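*Asks:* Build me a model:
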Amino acid sequence: MIVPVVIFTFNRPQHLSELLSSLSLNPEAQFTELIIYLDGPRHTKDAGLIVNSLTIIDLHRSEFKDIEVIQRKTNFGSSKNISNGITDQFRRHTALIILEDDLLVSKGFLNYMNTALRMYRDQAKVFHISAYSTFHSDKEVTCHFSTGMNCWGWGTWRDRWEYFDNINTAQILLDIKPHRYSFNFNGSHDFFRQLLENERGLMTTWAIYWYAAIFKSSGLSLNPASPLAVNRGNDGTGERHGFSTSSADAGLLVDNQEIIFPTKIEVDQEFMNRQIKYYRQSKHAIIELIKFFIYTLVPFKHQKSIINALLKIKIYVFNNLSK
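*Replies:* Just a heads-up that it's a prediction; the model follows:
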């Protein structure tokens, strides 16, 4: 059985076109059903972009078994669009593959996802199949279990998604707080703060709640040692802002390498240590110090605007130094 693919998109027809083009190169594409959630407009200018997205979808219809478009009449926003859409589709399907429009996938993406979802379907401890990786293997690609998840191309099953809860944030914080160090990958990355910022209205995200559900259930996520999907959404066209590395990362996508799946359903501590090391090395001391003072001294209602302003300055400086 080929697992359906759910795609979430909004006002980026060019990104959507590139995603669908990359997905269509998978041999399994012609047997795969796509369900595309197209969010409603926020502004007048979005209307034309949404029409363009519909045109892009029509151009790709012949490349897949079927494409169903669910067009929102109003703007749900990314978090609500995704979390509600996944929940809705699990009323119809027992397993799903999830993509957002700012991703590119390899020619081996669908094979990897379908194989893993079939292989670990009856392993209740396995909650999440990730396609993205921060690491890059040269030949065969090994896969590893850890407690962390990544949502840049992923899949799961209906009975695991039932643990997802993005409503009871205060209780989730209470449950996780005693285990904050482990939740934060041994203190290497502050995932707990994302829950706090959601509770305080500083951000509205869904993925941190899925990670919290997995963590609270002592669940595992499968991670490849090389990426089968990469993100290029940090280019300022969407809700994320940062340094887009899509051009470089696209060349690292796994296409024909052999993929080795683990038979032991347990944390691969060596791989987790690599993840923890990656998070620690990704930190910048000055930025972390600035964030500490902002989070400590600035009232929480002003924290988001200050962080966003500093991020814009950081991006501007980086882009100009890179020229």
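*Asks:* show me what contacts His43?
*Replies:* Contacts for His43 (Cβ atoms under 8 Å, 6 or more residues apart in numbering) come out as none. Heads up, the C-betas are built off the backbone N, CA and C, glycines and all.
*Asks:* change it to 10 Å
*Replies:* Going by Cβ atoms under 10 Å, 6 or more residues apart in numbering, His43 touches Asn11, Leu49, Asn75.
*Asks:* Adding distance to Gly219, neighbour count and pLDDT, write these out as TSV.
*Replies:* Converted to TSV, the contacts of His43 look like this (distance: Cβ to Cβ, whole Å; neighbours: other Cβ atoms under 10 Å; pLDDT from 0 to 100):
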residue	distance to Gly219	neighbour count	pLDDT
Asn11	34	24	93
Leu49	37	16	95
Asn75	32	16	96
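*Asks:* Mind putting these into JSON lines with secondary structure and distance to Ser226?
*Replies:* Formatted as JSON lines, those follow (DSSP: H, G, I helix; E, B strand; the rest coil; distance: Cβ to Cβ, whole Å):
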{"residue": "Asn11", "secondary structure": "coil", "distance to Ser226": "31"}
{"residue": "Leu49", "secondary structure": "helix", "distance to Ser226": "33"}
{"residue": "Asn75", "secondary structure": "coil", "distance to Ser226": "36"}
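*Asks:* Specify which member of those residues is nearest to Phe271.
*Replies:* Asn11 (37.1 Å; Cβ to Cβ).
*Asks:* so that closest one touches Asp39, yeah?
*Replies:* Yes. With contacts counted by Cβ atoms under 10 Å, Asn11 reaches Asp39, the gap being 7.8 Å.
*Asks:* Tell me who's in contact with Asp58.
*Replies:* Ile67, Val69.
*Asks:* Would you mind naming the helix or strand containing it?
*Replies:* Using DSSP states H and E, the element containing Asp58 is helix 44-59.
*Asks:* Same check on Arg92?
*Replies:* Per DSSP H and E, there is no helix or strand for Arg92.
*Asks:* Wasn't Leu104 part of a strand?
*Replies:* Yes. Under DSSP: H, G, I helix; E, B strand; the rest coil, Leu104 sits within a strand.
*Asks:* List the residues that contact it.
*Replies:* Contacts of Leu104 (Cβ under 10 Å, 6+ apart): 15, 18-19, 21-23, 152-153, 227, 229-232, 246, 249-250, 253.
*Asks:* Would you quantify the distance from the nearest residue to it once chain neighbours are set aside to Leu110?
*Replies:* Residue nearest to Leu104 in three dimensions, not counting chain neighbours: Ser22, with 4.8 Å by Cβ to Cβ, 6 or more residues apart in numbering. Using Cβ to Cβ, to the nearest Å, Ser22 is found at 11 Å from Leu110.
*Asks:* returning to what we had before: what about burial for the contacts of Leu104, which qualify?
*Replies:* Buried members of the contacts of Leu104, scored by 16 or more other Cβ atoms under 10 Å, are 15, 18-19, 22-23, 152-153, 227, 229-232, 246, 249, 253.
*Asks:* that older thread, give me the common contacts of Asn11 and Asp39.
*Replies:* Both Asn11 and Asp39 are contacted by Asp46, Ile50, Ser53, Asn75, under the criterion Cβ under 10 Å, 6+ apart.
*Asks:* Appreciated, that's everything.
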